[in-house]
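1. just the structure for this:
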Amino acid sequence: MTDKPVPIRDRVRELRRVRGADLVPHPRNWRTHPDAQRRALRGVLAEIGYADALLARELPDGRLQLIDGHLRAESTPDTPVPVLVLDVTEAEAEQLLLTLDPLAGLATTDAAVLDELLAQVHFDHDEILQALGESFQRMTPEVLVQVLAPSPDSNPPPTEVTPSGLSSVATSSSTTCETPASPSTAAGAGRSSGEASRSAGEAGPPADARYCVLVQCDDEEEQLELLERLQEEGHTCRALIA
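-> Numbers count the residues shown, from 1 in each chain. Alright, predicted model coming up:
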């Protein structure tokens with residue numbers, strides 16, 4: 001590397017609209033797409049539509065080979081999709097293939113801004129909410145994404161996602177409940193209470209820290225009974241589906 005400024009090249013040659021099925025998948029695309037991601041993408045496309053472009057390079061025979069956007073192309077094979085055609089070599093395409101997603105994943109989270117955004121944005125498709133919950137759990141331990149459970153004696157309301165500045169994340173596939181707890185309990189998810197206490201003592205909680213206990217229930221009936229009892233005892237509780 002050198003400190004000398006390097007000219008930044010614009011490698012975008014043009015914007016085309018091409019049927020998803022006519023785009024050639026890259027043989028070295030290393031990302032796989034689970035069903036949950038596919039369902040979430042279909043939900044986003046249904047609610048919003050295409051709002052960004054796929055990336056591709058032109059092959060010698062004139063076809064476009066994908067660099068980014070494989071799942072979108074697969075999801076809408078008969079739809080003309082926006083594609084940015086890049087003026088890159090085969091080797092440069094592989095560099096992009098390898099770096100695009102990992103570089104995006106290096107971004108950190110401003111929990112306060114995320115709290116505000118999640119409080120204001122609503123989706124009609126539950127698949128989007130589920131994917132957001134899983135994504136935020138992987139991105140940061142400081143944000144617990146809560147998917148509200150419907151009441152058993154009413155029609156299920158539109159699912160709402162709200163964040164909470166908690167230091168533990170629900171990773172169980174079972175139903176969980178939330179209630180305030182001691183700092184060592186919240187900080188010690190997956191560790192002994194002694195280790196948690198030492199860790200909390202060394203770093204110290206932020207001034208606006210909130211703490212929780214995640215209680216795993218066997219079924220919804222047990223969850224609701226426990227939630228009702230804790231609320232009667234004066235605890236601030238919220239039913240979660242993790």
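
2. may I see the buried residues of stretch 105-114?
-> By neighbour count on 16 or more other Cβ atoms under 10 Å, the buried set for stretch 105-114 is A111, L114. To be clear about C-beta, it is placed using only N, CA and C from the backbone, and glycine gets the same treatment.

3. export that stretch to PDB, keeping only CA atoms.
-> The C-alpha coordinates for stretch 105-114 follow below in PDB (Å, rounded to 0.1, in the frame of the first residue of the first chain):
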ATOM      1  CA  GLY A 105     -20.900  -6.900   7.000                       C
ATOM      2  CA  LEU A 106     -18.000  -4.900   8.700                       C
ATOM      3  CA  ALA A 107     -20.400  -2.000   9.400                       C
ATOM      4  CA  THR A 108     -21.300  -1.500  13.000                       C
ATOM      5  CA  THR A 109     -24.600  -0.600  14.600                       C
ATOM      6  CA  ASP A 110     -25.800   2.700  16.000                       C
ATOM      7  CA  ALA A 111     -28.400   1.200  18.400                       C
ATOM      8  CA  ALA A 112     -30.200   4.500  19.100                       C
ATOM      9  CA  VAL A 113     -30.800   5.200  15.400                       C
ATOM     10  CA  LEU A 114     -31.800   1.500  14.900                       C
END
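
4. give me the mean pLDDT for it.
-> pLDDT averaged over stretch 105-114 equals 83, rounded to a whole number.

5. same thing with stretch 228-242?
-> Mean pLDDT, taken over the full extent of stretch 228-242, equals 74.

6. same thing with stretch 89-101?
-> Taken as a whole, stretch 89-101 has an average pLDDT of 95.

7. what sits up against that stretch?
-> Stretch 89-101 has contacts (Cβ atoms under 8 Å, 6 or more residues apart in numbering) with 11, 26, 28-31, 55, 57, 65, 67-68, 86, 88.

8. tell me what the helix or strand that L227 is a member of is packed against?
-> Here L227, judged by DSSP states H and E, is contained in helix 220-232. In this structure, helix 220-232 makes packing contacts with strand 175-179, strand 238-241, judged by 3 or more Cβ pairs under 8 Å, 6 or more residues apart in numbering; DSSP states H and E.

9. the strands in this protein, which residues?
-> Secondary structure of the chain (DSSP state E): strands at 12-19, 54-58, 64-68, 80-86, 146-147, 161-162, 175-179, 213-216, 238-241.
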